[in-house]
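> Dropping a prediction and its sequence here:
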Amino acid sequence: MSWKVIKGDCLEAIKENKIANIDLIYLDPPFGTQKEHTLLTRDGKSRFSYSDIWSSKDEYFWFIHERVTVFRELLKETGSLFFHCDTTSSHIIRLILDDVFGSNNFRSEIIWYYKRWTNSQKGLIPAHQTIFFYSKTNDFKFNSIYSDYSETTNVEQILQKRERDARGKSVYAVDEEGEYIINGTKKGVAINDVWEIPYLNPKAKERVGYPTQKPITLLERIINLASDPGDLIFDPFCGSGTTLVAASLCGRNSIGVDLSEEACELSTKRLNDPFKSHSLVMNLGREKYLHKDAEALSHLSNVEYTVVARNKGIDALLKEEINGHLVFVRVQRENETISEAISAIIKATEKKGACYMVVIKTNSNNEMFDKLHSHTNLIVIPSFSYQFKLCIETQSLNGRGLGG
Ligand SMILES: C[S@@+](CC[C@H](N)C(=O)[O-])C[C@H]1O[C@@H](n2cnc3c(N)ncnc32)[C@H](O)[C@@H]1O
C-alpha cells in the first residue's frame, strides 16, 4: 500500500500536490479550545505540541469553512467525509458541514464514547467526542459492520427470518405449512452510531506521545465502514499519523498533511512500522471482561466492593476500610495454591501505600509444599464453600451418622 506525508498547511498542500480523487476524508483538526496542546513522550525525551489558539470564533469558523469547501471538491462522487470534534465546537461544525455538503448529505452523528476515571470536576464528566459523517452524494460507499447480539436477544430473533406484513409491521416469516422459516447464520446486529472504544491508556504501546492522539481502532472502523481495500484515504490534519497507520493496516492507500515538522516525522516513523495495541476490553467485549472473574467474585457476595479490572493480583477493593486503610481482596483460584494467591496480591499492592490484603481461601491445592507468608496486613479467610467442604469431609472421616 502507498502512503505519503506532506508538511504544510493542508490548503496549500492540496494545491501543490494536486491531491484529488479521494474516497474518504477523515479530519481531526484543532477543536477551537484556545489552548496550546502539548505532551511529553513516554521516555520523557521530547515534547510534541500544536497550537489551538484563535483570535475569535469567527476566525475559527472561516478557517474550517474554507478548508471543508475544498475538501468536498477532492472527494469522488461516492466519497465521504468524517469530521472529528467535541463539544467545544460541534455546534459550529454541524452548521458548516450542512452549508457545504447540504443537510441532505448528512449521514450520521457518531458518538465516540469512552470511560473516564476522573471525578475532579463539578458537573458531568465529559466522556465522548463527536464525529460527523457526510457523504458527497446519495450514492456513497457504505459497508455495514456487525457486532454480537446482546445477551437479551433470544434464539428465535437470531435464527428466524423476518418480513413485513400487510401493515408494514416486521413479523417472523412462515412457510405454506405455517412453520417459521429459518434464516441460517446471521452476521450479528449492524452497529449503531454510539461507539464504545477505549481511549488509549497512558501505557498503551500504540501511544506515541502526540497530544490528542486518537486510537487506531476508531480509525479502522471508519475506514472499513466507508471505503474498500485499495481506496485512497486523506487526512489533512494528520498529527501523529493515526489515520495513515490505520489505512495501511486495512489495505488502503493514504495521504496525510500536517503543519508540524515533528508530527510529519512521527507519522513517517509510525508508517515504517505500523503497530496497533490490542485492548482486552475490545477483544473480549466489555460484558465478558467484567464477568471474566465472576466465579471468583461470587465469594464476596455479602460484602460491598468495587471490581478491580485489569489487575492480575487484585480482584476487588472493599468499600469499607480498616483503620482508615484500603482493603484489597484476592480470591484463590482453583488451580492456584494459597501461597501463589498471597504472592500475587502482595506484588499487586506493592506500590499502593499502606493497605490491608484479604485473601479468600477456596481450596487446599498442594498446600504441603507451600512456603509460609507472614505479613502483618494480610488476612486469610476461608470461603464459605471451602469451610462447608471441610466440614463434610470431617463428618465423613469420623463416620458419624445422624443421631436419633
Ligand atoms: C488534533 S491534532 C490531530 C491528531 C491526530 N488525529 C492523531 O491521532 O495524532 C490536529 C493537528 O492539526 C495540525 N494542524 C493545525 N493546523 C493545520 C493546518 N492549517 N494544516 C495542516 N495541519 C494543521 C496540528 O499540527 C495537529 O497536529
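That came in fine, so what should we check first?

> how near is Y386 to I338?
Distance, Y386 to I338, by CB to CB, to the nearest Å: 10 Å. In this view, the C-beta of every residue, glycine as well, is placed from N, C-alpha and C.

> Please identify which of these two sits among more neighbours.
More neighbours surround I338 than the other of Y386 and I338, with 22 against 17 (other CB atoms under 10 Å).

> hey, which strand is longest across the protein?
strand 75-85 (DSSP state E).

> and the following helix or strand past that one, what other elements does it pack with?
Where DSSP states H and E defines the elements, the next helix or strand beyond strand 75-85 is helix 90-101. Judged by 3 or more CB pairs under 8 Å, 6 or more residues apart in numbering; DSSP states H and E, helix 90-101 is in contact with helix 57-74, strand 75-85, strand 106-113, strand 128-135.

> again, only this time at 6 Å
helix 57-74, strand 128-135 (3 or more CB pairs under 6 Å, 6 or more residues apart in numbering; DSSP states H and E).

> tell me which residues of the longest one are tucked away?
Spelled out, that is helix 57-74. 60-61, 64-65, 67-68, 71-72, 74 (16 or more other CB atoms under 10 Å).

> between those, which is closest to the ligand?
Nearest to the ligand among the buried residues of helix 57-74 is R67, at 7.5 Å by CB to the nearest ligand atom.

> mind listing what the closest one touches?
L11 (CB atoms under 6 Å, 6 or more residues apart in numbering).

> tell me the SS of the residue of the chain found nearest the ligand?
Of all residues in the chain, G239 sits closest to the ligand, at 2.6 Å by CB to the nearest ligand atom. Look at G239: counting by DSSP: H, G, I helix; E, B strand; the rest coil, its state is coil.

> My read is that it contacts A263, right?
Yes - taking contacts as CB atoms under 6 Å, G239 lies within contact range of A263: 5.3 Å.

> So which bits of this protein are right by the ligand?
Residues of the chain found near the ligand (CB under 6 Å from any ligand atom) are 9-10, 28-30, 50, 210, 212-214, 236-237, 239-240, 242, 257-260, 263.

> Filter those residues down to the ones in helices?
Those of the residues of the chain next to the ligand mapping onto helices are 10, 242, 263, per DSSP state H.

> Which one (most neighbours) among those residues?
T242 (27 neighbours).

> Which residue is the nearest non-sequential neighbour of it?
Distances taken as CB to CB, 6 or more residues apart in numbering place K214 nearest to T242, at 5.0 Å, with adjacent residues excluded.

> Could you report the neighbour count for the one you found?
22.

> The one 10 residues further on now?
Counted by other CB under 10 Å, the residues lying close to N224 total 16.

> wait, doesn't I111 sit right on Q129?
No - counting by CB under 6 Å, I111 stays clear of Q129, with 7.9 Å between them.

> ok, those two, which is more surrounded?
Q129 (22 against 15).

> quick revisit: just the buried ones out of the residues of the chain next to the ligand, please.
Applying 16+ other CB under 10 Å to these flags 10, 28-30, 50, 210, 212-214, 236-237, 239-240, 242, 257-260, 263 as buried.

> My read is that K4 contacts I255, right?
Yes - assessed by CB under 6 Å, K4 is found in contact with I255 at 4.9 Å.

> quick one, which of these two is more surrounded?
Each of K4 and I255 has its neighbours counted (other CB under 10 Å); I255 has more, 25 against 15.

> For the more buried one, give me its contacts.
4, 234.

> Report the inter-axis angle for the helix or strand harbouring it versus helix 57-74.
Using DSSP H and E, I255 maps to strand 253-258. Strand 253-258 runs at 160 degrees relative to helix 57-74, counting by axes from the mean of the first three to the mean of the last three CA atoms, to 10 degrees.

> Show the average pLDDT along strand 253-258.
Across strand 253-258, pLDDT averages out at 98.

> ok, which stretches of the stretch 151-300 of the chain are helices?
155-159, 216-226, 242-249, 261-272, 280-284, 286-291, 294-297 (DSSP state H, counting those that start in this stretch).

> in the last one, what counts as buried?
When neighbours are counted by 16+ other CB under 10 Å, the buried residues of helix 294-297 are found to be 296-297.

> Name the next helix or strand following that helix along the chain.
Helix 294-297 is succeeded, C-terminally, by strand 305-307 (DSSP H and E).

> contacting residues around the next helix or strand after that following strand?
Tracing the chain past strand 305-307, the next element assigned as helix or strand by DSSP H and E is strand 316-318. Strand 316-318 is contacted from outside by 300, 305-308, 327-329, using CB under 6 Å, 6+ apart.

> Between all of those, which two are at the greatest distance?
V307 and V327 (14.2 Å; CB to CB).

> In terms of neighbours, single out the busier of those two.
The neighbour comparison of V307 against V327 (other CB under 10 Å) goes to V327, with 20 against 16.

> so what's that one scoring on pLDDT?
For V327, pLDDT reads 89.

> what sits in contact with each of Y386 and I338?
In contact with both Y386 and I338: K361, using CB under 6 Å, 6+ apart.

> downstream neighbour of the host helix or strand of I360 in the secondary structure list?
Assigned by DSSP H and E, I360 belongs to strand 355-361. Following strand 355-361 in sequence order, the next helix or strand is strand 378-382 (DSSP H and E).
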